[in-house]
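Enquirer: Predicted structure and sequence below. I'll ask about it afterward.
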Amino acid sequence: MRDCLNHRAGFDRVLMTVAATFLTVSASSALAQDQARSSAAELAIEAAIPRPEPANVPPPTASDIKLDATATVQDSAKEPAKEPVKAEAAPAPDKVETKPSDVATTPATEAPKSETAKTEPATTEPAKSEPAKADTATTAPAAPAAPATAAAPAAEPVKAASSVPAADQPVADKLKDIIGAKTSRHFDRKNERAAIEKFYGARDFAPVWTQAGSLTAAAKGVIARLKDAASDGLNPTDYPVPDFAAATTPDALADAELKLTASMFDYARQAQSGRMHWSQVSADILYPEHPVDPSEVLAKVTTAADASAALDSYNPPQKLYKELKAKLAELRGQGSGPVIEIADGPALKYTPAGKKQAEIVVEDPRVPQLRAKLGITENASDTRYDAAVAEAVRKFQNGAEIKATGILDDKTVKALNTPKRDKQIDTVLVNMERWRWLPRDLGVPSLGDAYVILNIPDYTLKVMQRGQPVWTTRVVTGKPGQHATPLLTETMKYITVNPTWNVPPSIVYNEYLPALQQDPTVLQRMGLKLEQNRDGSVHISQPPGEANALGRIRFNFPNKFLVYQHDTPDKNLFAKEDRAFSHGCMRVQNPDQYASVLLNIAMPNEKYTPERVRSMYGKSEIDLKFPTPIPVNITYQTAFVDDAGKLQFRKDVYGRDSTMINILKNSRGKDLENIVAHSQPSYSRPATTLPSGVAVANNGGGFGSSGPNFFERLFGAPTPPPTPVGRRPQRVFTR
């Protein structure tokens with residue numbers, strides 16, 4: 001029995017050894033099929049590796065039959081049985097064809113797998129290389145190092161996929177270094193640094209202004225715009241252009257790249273929003289902010305067919321701005337025609353006819369040039385220094401701050417020939433600057449781009465629609481100083497017919513209460529009603545009527561300065577040339593027509609006429625609300641081009657021009673863009689002791705505690721203006 005068992009055990013051992021060898025060879029063959037291809041070098045390596053020979057086991061003999069061999073054979077049989085499972089964990093690609101020569105031992109299969117790794121994710125490498133380690137554990141100890149060698153090239157395709165041309169790669173590397181660590185050297189604004197990092201990072205830090213060291217078309221366009229910034233009313237020295245011709249190293253090219261980008265940002269920002277912030281000029285200016293987005297500037301300019309035009313588009317799009325730009329070129333002698341130079345010569349004087357003398361007209365060959373210089377088109381070739389020429393010379397002298405004699409002397413000739421960095425050019429420049437503060441879209445698209453624009457120095461109001469004036473009238477504006485009419489953009493929300501005049505606190509405490517000390521009955525005689533609130537403050541109002549200070553109509557566009565437009569009983573003021581007489585509000589000459597025009601724009605189906613508006617006049621307030629508010633832009637244009645194309649100048653009634661010219665000439669750098677914090681207008685009403693004899697309409701009334709506040713009485717708005725903040729107000733802007 002023992003011999004039988006021994007014999008059987010020996011036979012089982014032989015069968016299991018053969019099975020193990022067969023499974024090992026099968027697994028190696030299966031892995032060999034996983035390879036896509038074998039190069040000549042790989043085949044040579046395979047030939048040098050020792051290959052295990054198939055087992056040639058002789059028939060068992062009696063000496064092979066041993067009792068203690070069973071456990072060993074069983075353990076040996078279990079281990080090969082696990083190997084095919086690992087080999088099947090990484091199936092070969094379906095499209096790989098296996099040649100007889102490809103069926104080799106596992107070490108040779110590793111090299112082909114590294115080729116596949118170039119087109120497959122690197123994460124698949126460990127799964128494919130794992131069976132190789134198991135299969136070659138006993139036959140090729142050096143094989144486990146193969147995956148590590150094959151994995152190294154797998155990281156290279158990321159760098160090879162870079163879109164940067166080889167000629168620009170050194171500059172890209174420098175840009176990457178600078179943007180990663182030294183961006184603040186070129187850009188001191190956080191949003192600009194963020195835009196730079198995103199833009200250049202997305203293009204693998206390839207330069208955008210140069211290619212292989214040469215300027216791109218976009219760069220040439222940007223440089224041309226920056227160098228011509230003076231024509232836009234800007235200062236070219238604020239936008240330095242780097243010398244790309246001198247930049248011969250990657251470091252220099254990278255530095256020049258970012259400097260040009262920084263100058264482009266500065267130009268776009270100042271072209272759109274202005275070289276100075278309006279808060280630096282006065283506390284009674286309030287326009288909506290419209291800053292540029294650096295990311296948008298980069299995308300727009302670098303992708304445009306014309307980079308110069310793309311950068312120029314950040315200047316104001318309004319027609320009046322563009323007309324001022326053209327006139328600026330003419331004033332500088334850069335118009336379409338040749339520059340006219342007046343030659344030196346004797347003084348020319350015109351003497352009109354008098355009681356005892358005849359008219360004296362001298363002739364001079366310079367007079368035709370003088371006529372052209374002064375814009376006299378009539379008798380252009382006439383050489384006589386007549387009354388028309390003398391009057392034009394007198395006007396020029398007055399504008400150039402020369403004694404207006406009408407005599408063409410040496411001083412006048414010099415002023416005529418001087419490149420015009422004079423008062424007129426400065427005036428045009430600051431007016432172009434103020435256009436940058438205004439919104440880019442002045443009107444409402446849904447109403448045909450309708451808007452109201454009021455020019456304080458010209459004392460005119462225009463209603464615009466579809467780019468054309470549809471109605472114009474004269475206005476009276478605020479007195480210079482504390483009662484100056486503020487510059488602002490707001491929306492007119494409704495019109496009040498038969499308004500109550502709620503007297504602004506500034507007038508109550510600065511004018512009416514002192515007047516009451518002199519005459520306690522003055523308010524009664526003026527038709528004004530005085531109320532003293534429980535907190536001791538005073539409210540004065542005037543009921544609707546023909547004598548109301550606001551007239552018959554008030555035009556409401558709620559704002560923090562508490563100003564509005566309205567009718568007036570003082571019609572005689574509209575006949576004056578200078579009309580700065582109000583406490584800040586704007587009086588309109590023909591309010592019924594104004595109301596009709598606005599109502600027909602806001603509600604075209606209602607057919608409002610001036611007669612229909614006048615039919616509403618009475619003793620009760622009537623509010624006519626607009627479905628869509630109409631923008632109102634209060635501007636300060638001391639230089640503008642009229643409908644005939646002529647450049648007009650107006651008196652700097654509030655001194656805004658002189659303040660801005662002084663800032664531009666005496667301040668430098670980006671400090672001009674800083675915002676100056678101003679105290680908010682005060683709406684407070686201090687307690688007051690009234691003199692005896694003053695008639696109080698509602699003693700102990702609730703205006704200060706339970707009734708509507710002054711802002712609500714004034715505009716009918718549910719929300720009051722901003723609460724005063726900061727230091728004690730230095731000026732009162734209530735009207």
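Expert: Arrived safely, thanks for sending. Numbers count the residues shown, from 1 in each chain.

Enquirer: alpha carbons only for contacts and neighbour counts from here, please
Expert: Fine.

Enquirer: Determine the longest strand present in this protein.
Expert: Taking DSSP state E as the criterion, the chain has its longest strand at strand 622-635.

Enquirer: Parallel or antiparallel, list what pairs with it.
Expert: Paired with strand 622-635 in the same sheet, following DSSP bridges, are strand 451-455 (parallel), strand 487-497 (antiparallel).

Enquirer: isn't Ala687 right up against Leu513?
Expert: No - the criterion here is C-alpha atoms under 8 Å, and Ala687 misses it with Leu513 at 11.8 Å.

Enquirer: Among these two, which residue is more densely surrounded?
Expert: Set side by side, Ala687 and Leu513 show more neighbours around Leu513, with 20 against 13, by other C-alpha atoms under 10 Å.

Enquirer: In the stretch of helix or strand that one belongs to, which residues are buried?
Expert: Assigned by DSSP states H and E, Leu513 belongs to helix 513-518. Across helix 513-518, burial judged by 16 or more other C-alpha atoms under 10 Å covers Leu513, Leu516.

Enquirer: and if you look at stretch 356-372?
Expert: Of all the residues in stretch 356-372, those buried under the rule 16+ other C-alpha under 10 Å are Arg366, Val367, Pro368, Gln369, Leu370, Arg371.

Enquirer: show me the residues around the first one that make contact.
Expert: With contacts defined as C-alpha atoms under 8 Å, 6 or more residues apart in numbering, Arg366 is in contact with Ile342, Ala343, Thr383.

Enquirer: Just the buried residues out of the residues you listed, in ChimeraX syntax.
Expert: In ChimeraX, a selection of the buried entries from the contacts of Arg366 looks like this (16+ other C-alpha under 10 Å):
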select :342,383
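
Enquirer: Export the contacts of Arg366 to a markdown table and append columns for secondary structure.
Expert: Converted to a markdown table, the contacts of Arg366 look like this (DSSP: H, G, I helix; E, B strand; the rest coil):
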| residue | secondary structure |
| --- | --- |
| Ile342 | coil |
| Ala343 | coil |
| Thr383 | coil |
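
Enquirer: okay if I get the contacts of Arg366 as JSON lines plus distance to Asp306 and pLDDT?
Expert: Putting the contacts of Arg366 into JSON lines (distance: C-alpha to C-alpha, whole Å; pLDDT from 0 to 100) gives the following:
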{"residue": "Ile342", "distance to Asp306": "40", "pLDDT": "91"}
{"residue": "Ala343", "distance to Asp306": "42", "pLDDT": "91"}
{"residue": "Thr383", "distance to Asp306": "48", "pLDDT": "95"}
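
Enquirer: I'd like to know which of the contacts of Arg366 is nearest to Ala219.
Expert: Among the contacts of Arg366, Ile342 lies closest to Ala219 (C-alpha to C-alpha), at 40.6 Å.

Enquirer: Looks like that closest one contacts Ala415 (just checking).
Expert: No - judged on C-alpha under 8 Å, Ile342 makes no contact with Ala415 at a distance of 10.1 Å.

Enquirer: Pull the number of nearby residues for Ser615.
Expert: A count of nearby residues for Ser615, using other C-alpha under 10 Å, gives 9.

Enquirer: so what's the backbone phi/psi at it?
Expert: phi -70, psi -10 (degrees, to the nearest 10).

Enquirer: Could you check how far it is from Gly406?
Expert: According to C-alpha to C-alpha, to the nearest Å, Ser615 and Gly406 sit 54 Å apart.

Enquirer: now swap in Met586 and tell me
Expert: Noted for Met586: a distance of 38 Å to Gly406, by C-alpha to C-alpha.

Enquirer: between these two, who's got more neighbours?
Expert: Neighbours were counted for Met586 and for Gly406 using other C-alpha under 10 Å; Met586 has more, 27 against 22.

Enquirer: can you pull up the bridge partners for the more buried one?
Expert: Bridge pairing for Met586 - DSSP bridges - gives Gln565.

Enquirer: Now the longest strand of the chain - C-alpha only, CSV.
Expert: The C-alpha trace of strand 622-635 is given here as CSV (Å, rounded to 0.1, in the frame of the first residue of the first chain):
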residue,chain,number,x,y,z
ILE,A,622,-50.1,116.2,-10.0
ASP,A,623,-47.3,113.7,-10.6
LEU,A,624,-46.8,112.4,-14.1
LYS,A,625,-44.5,109.4,-13.8
PHE,A,626,-42.4,108.0,-16.6
PRO,A,627,-42.6,104.3,-17.3
THR,A,628,-38.9,104.4,-18.3
PRO,A,629,-36.8,107.1,-16.6
ILE,A,630,-34.9,109.5,-18.9
PRO,A,631,-31.2,110.3,-18.1
VAL,A,632,-30.3,113.8,-17.3
ASN,A,633,-26.7,114.8,-17.8
ILE,A,634,-25.5,118.1,-16.2
THR,A,635,-22.2,119.1,-17.9
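
Enquirer: Report the distance from it to the chain centre.
Expert: 27 Å (C-alpha atoms, centre = their mean, to the nearest Å).

Enquirer: quick one, strands of the stretch 351-500 of the chain?
Expert: Remark: strands assigned in the stretch 351-500 of the chain by DSSP state E, counting those that start in this stretch are 362-363, 384-385, 451-455, 460-465, 468-478, 487-497.

Enquirer: which is the next helix or strand following the last one?
Expert: The element immediately downstream of strand 487-497 (helix or strand, assigned by DSSP H and E) is strand 501-502.

Enquirer: what is the mean pLDDT for stretch 329-336?
Expert: With pLDDT averaged residue by residue, stretch 329-336 scores 71.

Enquirer: who touches Val164 in this structure?
Expert: Val164 makes contact with Ala172, Arg203, Asp204, Phe205, Ala206, according to C-alpha under 8 Å, 6+ apart.

Enquirer: Any of those buried? List them.
Expert: Ala172, Asp204, Phe205, Ala206.

Enquirer: Which helix or which strand is home to the third one?
Expert: Assigning secondary structure by DSSP H and E places Phe205 outside every helix and strand.

Enquirer: Next one: Leu324 from Gly584, what distance?
Expert: 28 Å.

Enquirer: That should have said Asn633, apologies.
Expert: Plainly put, Asn633 is 15 Å away from Gly584 if you go by C-alpha to C-alpha.

Enquirer: show me where pLDDT drops low in this structure?
Expert: Along the chain, segments meeting pLDDT under 70 span 1-161, 334-339, 399, 419-421, 668-670, 683-685, 698-735.

Enquirer: Excluding covalently adjacent residues, which one is nearest to the residue nearest the centre of it?
Expert: Centroid-nearest residue in the chain, with C-alpha atoms, centre = their mean: Val292, separated by 1.3 Å. Closest residue to Val292 apart from its sequence neighbours, by C-alpha to C-alpha, 6 or more residues apart in numbering: Arg269 at 5.7 Å.

Enquirer: Check the offset of the helix or strand hosting that neighbour from the chain's centre.
Expert: Assigned by DSSP H and E, Arg269 falls within helix 250-273. How far helix 250-273 lies from its chain's middle: 16 Å, per C-alpha atoms, centre = their mean.
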